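>>> My questions concern the predicted model and sequence given below.
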Amino acid sequence: MTSRRNFKRQVRARAAKTGESYTSALRHFRPTPSGDVMSEARTPRSVRLAVAQTPVREDPRDVAALRESGRQVRALMREAAAQDARIVHFPEGAICFPGKLVMSVDGPDAVGPADWDRCQWPALQAELAAVAELARELRLWTVIASPHRLTGPNRPHNSLYVVSDRGGVVTRYDERQLSRTKVSYLYSPGASPVVFDVDGVRFGCLLGMEVHYPELFAEYEKRDVDCVLLSTTGVSPGNAAVQAQGHAAGNSYWVSFSVPTQHAATAPSGVIAPNGDWLDRCPADGSPWVAVVDLDEGASSAVEAVTHARPWRRASRAGVYAEHRVTDPRSEDRTAAF
């Protein structure tokens, strides 16, 4: 009992020092063969991730197009599995990204409220079901975007489904920070972040224009994620990619950046290391592709950021400077001479 209390005391001490939650701090401890507890001694975690770029089609009335999107998604899933990926990440609109003019009751020349009865929901759901079945066959975690239908007259969510390697949906992320057009005419906003683990590596999800909101990335850092999966269709010639690099470096975690092939010339899909460097990217020629990388805490692109930069930022935010502050007249006088 005493050893258990000591263990809890060490975990709480780390949480107080770094600003982590108790659960997050607990991940940094492991028992030794003697039963003692060692901090910061765990084996570096690693998982192989594939990030995809696929063509995005905008008409959910077109059953043939929905089927073709599903076929291309599944072909890239097989390619990811052939390269021993454990998880594959697809862009916003991988099966379909319903166009605002296609859906508008005032269209096709004016944006208005979306008529979701135009969507061929049975065909869309059949393609997603086929994706889930293939995930089970390949033993491949699959993160794929799609509208998520709600009970009428509520508009759907713009969502990322997380399908496990057993073929079941284990969670779903709904875009929260929608664009003006999306929230006015197309979708209902989501309400909360989503975190899930694959082989001990923790992932968070973001979608659409949420790359422009640094507080969402900071929120995931507080939840102790190792990698944020960002799926988007709008990259405004490379601007989103640059912001994603900044979020990765500023939070010391990986960012998987998945976009349609239509944007490949200026911002192809890829994975950003915790130091802000690109680890790998899909071709810029617009080809459907998967870039496959190992998210490895022991890699040179990660070890400094994950082992030193991230813990220090947490410690500084938790108030480590307070004990070093001094009371001095020359400090208080802002007009003191040199």
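Sure thing, it's come through.
>>> Could you check how far residue 87 is from residue 245?
Between residue 87 and residue 245 the computed distance is 21 Å (CB to CB, to the nearest Å). (Each C-beta comes from the backbone N, C-alpha and C, glycine too.)
>>> Residue 142 too?
25 Å.
>>> where do the helices sit along the stretch 201-338 of the chain?
Taking DSSP state H, counting those that start in this stretch as the criterion, the stretch 201-338 of the chain contains helices spanning 214-222, 239-251, 300-304, 310-317, 329-332.
>>> what's the most buried one of those helices?
helix 239-251 (a mean of 20; mean count of other CB atoms under 10 Å).
>>> buried ones in the longest helix anywhere in the chain?
Secondary structure of the chain read by DSSP state H shows that its longest helix is helix 63-82. Neighbour-count burial for helix 63-82, counted by 16 or more other CB atoms under 10 Å, picks out 65-67, 69-70, 72-74, 76-77, 79-81.
>>> Where does the nearest residue to residue 164 once chain neighbours are set aside fall, secondary structure wise?
If you skip the residues right next to it in sequence, residue 164 has residue 170 as its closest partner in space, 4.8 Å away by CB to CB, 6 or more residues apart in numbering. Take DSSP states H and E as the rule and residue 170 turns out to sit in strand 169-174.
>>> how about that strand: buried residues?
Buried residues in strand 169-174, defined by neighbour count with 16+ other CB under 10 Å: 172, 173, 174.
>>> Any figure for the gap between the second one and residue 89?
It refers to residue 173. Counting by CB to CB, the separation of residue 173 from residue 89 is 12 Å.
>>> List the contacts of the nearest residue to residue 221 once chain neighbours are set aside.
Once its chain neighbours are removed from consideration, residue 221 has its nearest residue in residue 251; the separation is 4.2 Å (CB to CB, 6+ apart). With contacts defined as CB atoms under 8 Å, 6 or more residues apart in numbering, the neighbours of residue 251 are 217, 218, 220, 221, 274, 310.
>>> returning to that earlier point: now the strand holding residue 170, how far from the centre of its chain.
Once both centres are worked out by CA atoms, centre = their mean, to the nearest Å, strand 169-174 turns out to sit 12 Å from its chain's centre.
>>> OK, contacts around the closest residue to residue 114 other than its chain neighbours?
The spatial neighbour of residue 114 that comes closest, neighbours along the chain excluded (CB to CB, 6+ apart), is residue 103 at 3.8 Å. In this structure, residue 103 makes contact with 60, 114, 115, 116, 118, 119, 185, 186, judged by CB under 8 Å, 6+ apart.
>>> What is the nearest of those to residue 301?
Minimum distance to residue 301 across the contacts of residue 103 is 37.8 Å, recorded for residue 186 (CB to CB).
>>> Hmm, residue 114 and that closest one touching each other?
Yes: Residue 186 is in contact with residue 114 according to CB atoms under 8 Å; the separation is 4.8 Å.
>>> of the two, who's got more company?
The residue with more neighbours, out of residue 186 and residue 114, is residue 114; 25 against 22, by other CB atoms under 10 Å.
>>> Could you pull up the residues touching that one?
Contacts of residue 114 (CB under 8 Å, 6+ apart): 98, 100, 103, 104, 105, 155, 185, 186.
>>> Could you check how far the residue nearest the centre of the chain is from residue 277?
For the chain, the residue nearest the mean C-alpha position is residue 229 (2.0 Å; CA atoms, centre = their mean). Residue 229 is 18 Å from residue 277, where distance means CB to CB.
>>> Next, the buried residues of stretch 116-130.
Of the residues in stretch 116-130, those with enough neighbours to count as buried (16+ other CB under 10 Å) are 116, 118, 119, 120, 123, 124, 127, 128.
>>> Now the two most distant members of those residues.
Put simply, by CB to CB the two of the buried residues of stretch 116-130 set farthest apart are 118 and 128, 18.1 Å from each other.
>>> Break this protein down into its structural domains.
Residue ranges for the domains of the chain, per automatic domain parsing: 1-42, 46-315.
>>> winner for burial among those?
A comparison of the domains of the chain by mean neighbour count, using mean count of other CB under 10 Å, puts domain 46-315 on top with a mean of 19.
>>> before we move on, back to that, ok, so of the contacts of residue 251, who is nearest residue 196?
Minimum distance to residue 196 across those is 11.8 Å, recorded for residue 220 (CB to CB).
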